[in-house]
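*Asks:* Sharing a sequence plus its predicted fold:
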Amino acid sequence: MRNMESIRSFKDRVFLVIKGLAMGAANKVPGVSGGVVAFVAGFYEEFIYSLQRVNKTAFKLLFNGRFKSFYKYVNGKFLFLLFLGMIISYFSVSKILDYLIVHYQLYVWSTFFGMILGSIYYIDKDFGDWNAKTVISLLIGALIGISISFLDPATENDNLLFVFLCGIISVSGMTLPGFSGSFILILLGNYVLLLVDSVNALYNTISDIITCNFEFVKDQARIRMLKVLSVFTLGSVTGLVTFSHVLNYILKHYKSITLATIIGFIIGSLGVVWPWKKTIYKLDTNGDSVLDSTGAPIIENYQRFLPELNTETYTAIAYIVFGILIVLALEWYGQRTKKIK
């Protein structure tokens, strides 16, 4: 009996890391929200609740050396495993997704489009509180989501105060399903700076440290990138904790309106992940594509269009169905897990 419980506990931990992997990958892709993953996988409210436990009481426990009490108070096992998955994702799964988007863009976006369609069904099927207020909230959420997808991006800005604000704003993708943090960074002009260049600088620095090569301390550009990443991370943590407190309060007092607005956000995000779109790359004064530190062209925005009916389109539709099936499979697994427990 104890062996069965241990196996079940191990499986739960593994699946929690996998959920973190999925959230991390989703947060990296422009147009996709990690919050949607949390919602569909059934741990969104626990995620928000755990984050809002990072408060004065938690810091008192930490500074008084009561580490076990702090770990238990903030639901440490849950948050640790989830964020572990996200960190691993940044250096693995998200890199694979970057490759797939470059080489199989239509089919990747089709899968994400299907997953978001499935998530709308998932949230809506258990939501039975439709009235004038919730319908208006849904329309407002959808309007905001659609409006964001058609904004023009700003130019890159590495001012540390602006980078801190980028961290606060971009983390909305983890706490607000349907709001893509990475797409917000494209609009703010800092997607490449914060999710490509600075992350590569960290990766290269870790590699140098492992090989006992400390020449990077003389590289001012590398040091600047590490400062940018540190400030961005600090802003993200600040935004994550702040948003979680606000959302926890709103979910407690205005749950129906909040859920209706979230459904609206997700519907609005369909415009961002519409599979049939032409990528608009950033160009220099000579009309050539501007490349990031990895040599990849920098995405500026997307031009959407209706597809022609051909084999490629039918294949893309098959991937949309596949995306929907992924969400249904996640729902089935969540229901099965609840029954076992």
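*Replies:* All right, it came through fine.

*Asks:* For the stretch 201-341 of the chain, give me the ranges with low pLDDT.
*Replies:* Within the stretch 201-341 of the chain, the set of residues satisfying pLDDT under 70 comprises 284, 291-302, 330-331, 333-341.

*Asks:* and if we set it to 90?
*Replies:* 201-208, 210-222, 225, 236-275, 277-309, 323-341 (pLDDT under 90).

*Asks:* Now do the helices in it.
*Replies:* Per DSSP state H, counting those that start in this stretch, the stretch 201-341 of the chain carries helices over the ranges 220-253, 255-269, 311-340.

*Asks:* Turn the ones you listed into CSV, including mean neighbour count and distance to K11.
*Replies:* Yep, even glycine has a C-beta here, placed from its N, CA and C like the rest. Output for the helices of the stretch 201-341 of the chain, formatted as CSV (neighbours: other Cβ atoms under 10 Å; distance: least, Cβ to Cβ, whole Å):
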stretch, mean neighbour count, distance to K11
helix 220-253, 17, 27
helix 255-269, 23, 29
helix 311-340, 14, 9
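
*Asks:* between those helices, which gets nearest to F150?
*Replies:* When these are compared by Cβ to Cβ, helix 255-269 sits nearest F150, at 10.5 Å.

*Asks:* so who does the closest residue to F214 other than its chain neighbours touch?
*Replies:* Among residues not flanking F214 along the chain, D208 sits closest, at 6.9 Å (Cβ to Cβ, 6 or more residues apart in numbering). D208 is in contact with 214-216, counting by Cβ atoms under 8 Å, 6 or more residues apart in numbering.

*Asks:* Buried only: go through the residues you listed for me.
*Replies:* F216 (16 or more other Cβ atoms under 10 Å).

*Asks:* Pick the one among the contacts of D208 closest to S110.
*Replies:* F216 (40.8 Å).

*Asks:* wait, what's in contact with T175?
*Replies:* Shown in contact with T175 (Cβ under 8 Å, 6+ apart): 35, 48, 51, 240, 243-244, 247.

*Asks:* export these to a markdown table and tack on distance to A41?
*Replies:* Shown next, in a markdown table, are the contacts of T175 (distance: Cβ to Cβ, whole Å):
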| residue | distance to A41 |
| --- | --- |
| G35 | 11 |
| I48 | 14 |
| L51 | 16 |
| L240 | 18 |
| F243 | 19 |
| S244 | 17 |
| L247 | 17 |
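
*Asks:* which of these lies closest to V163?
*Replies:* So of the contacts of T175, ranked by how close each gets to V163 (Cβ to Cβ), first place is L240, at 15.8 Å.

*Asks:* That closest one: what's it in contact with?
*Replies:* 51, 171, 174-175.

*Asks:* Now distance to G189 too, for the helices of the stretch 201-341 of the chain, in a markdown table please.
*Replies:* Conversion of the helices of the stretch 201-341 of the chain to a markdown table gives the following (distance: least, Cβ to Cβ, whole Å):
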| stretch | distance to G189 |
| --- | --- |
| helix 220-253 | 13 |
| helix 255-269 | 20 |
| helix 311-340 | 30 |
